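>>> Predicted model, plus sequence, below.
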Amino acid sequence: MKVTWILPDGAQVTADVAEGLSLMEAAVAQNVPGVVGECGGNLSCATCHVQVAEDWAGRVGGPDDFEDAMLDTVEAARGPGSRLSCQIRASADLDGLVLIVPEV
Ligand code: FES
């Protein structure tokens, strides 16, 4: 599946991501600036924060309660599409997904 990250300066990174990989792992593998993944995907750092593009929000879904609480700790402003990308798995039905990397 293809994923595009839009960076705060408008630059884009597009990559083929293997199904099953988390989108934090994918971002780190692609050196997407601003997605760090400090805790390795354990839902305890919030450094993998991204905003799911509006068109995709319905398909990706929202955070569960624990992720929702973690999102309250993110450095960048939280938006309606905010998710922790370690909690989103690459899958065929998300092919073409667009994630916005928030400015910190
Ligand atoms: Fe730490 Fe996602 S990588 S919360």
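Done, it's in.
>>> Surely Thr73 touches Thr47?
No - when contacts are counted by C-beta atoms under 8 Å, Thr73 is not listed as touching Thr47 (10.3 Å). Every residue, glycine included, has its C-beta placed from N, CA and C.
>>> Which residue of these two possesses the greater neighbour count?
Remark: of Thr73 and Thr47, Thr47 carries more neighbours, 18 against 11, as counted by other C-beta atoms under 10 Å.
>>> Contact partners for the residue lying closest to that one once chain neighbours are set aside?
Distances taken as C-beta to C-beta, 6 or more residues apart in numbering place Val36 nearest to Thr47, at 3.8 Å, with adjacent residues excluded. Val36 makes contacts with 28, 45, 47-48, as judged by C-beta atoms under 8 Å, 6 or more residues apart in numbering.
>>> what's the farthest-apart pair in the residues you listed?
Spatial extent of these (C-beta to C-beta) is set by the pair Val28 and Cys45 at 12.4 Å.
>>> which residues do those two both contact?
Joint contacts of Val28 and Cys45 (C-beta under 8 Å, 6+ apart) are 36-37.
>>> which of the residues in stretch 83-100 are buried?
Applying a neighbour-count criterion of 16 or more other C-beta atoms under 10 Å, one finds 83-88, 90, 94, 97-100 buried in stretch 83-100.
>>> my bad, should have said stretch 13-30
Under 16+ other C-beta under 10 Å, the buried positions of stretch 13-30 are 13, 17, 21-28, 30.
>>> These in helices, which ones?
Judged by DSSP state H, helices contain the following of those: 23-28.
>>> which residues touch Ala15?
2-3, 26, 29-30.
>>> What parts of this protein come near the ligand?
By the rule C-beta under 6 Å from any ligand atom, the part of the chain lying against the ligand is 24, 37-39, 41-48, 84, 86.
>>> now do 8 Å
Proximity of the chain to the ligand (C-beta under 8 Å from any ligand atom) is limited to residues 22, 24, 36-49, 70, 84-87.
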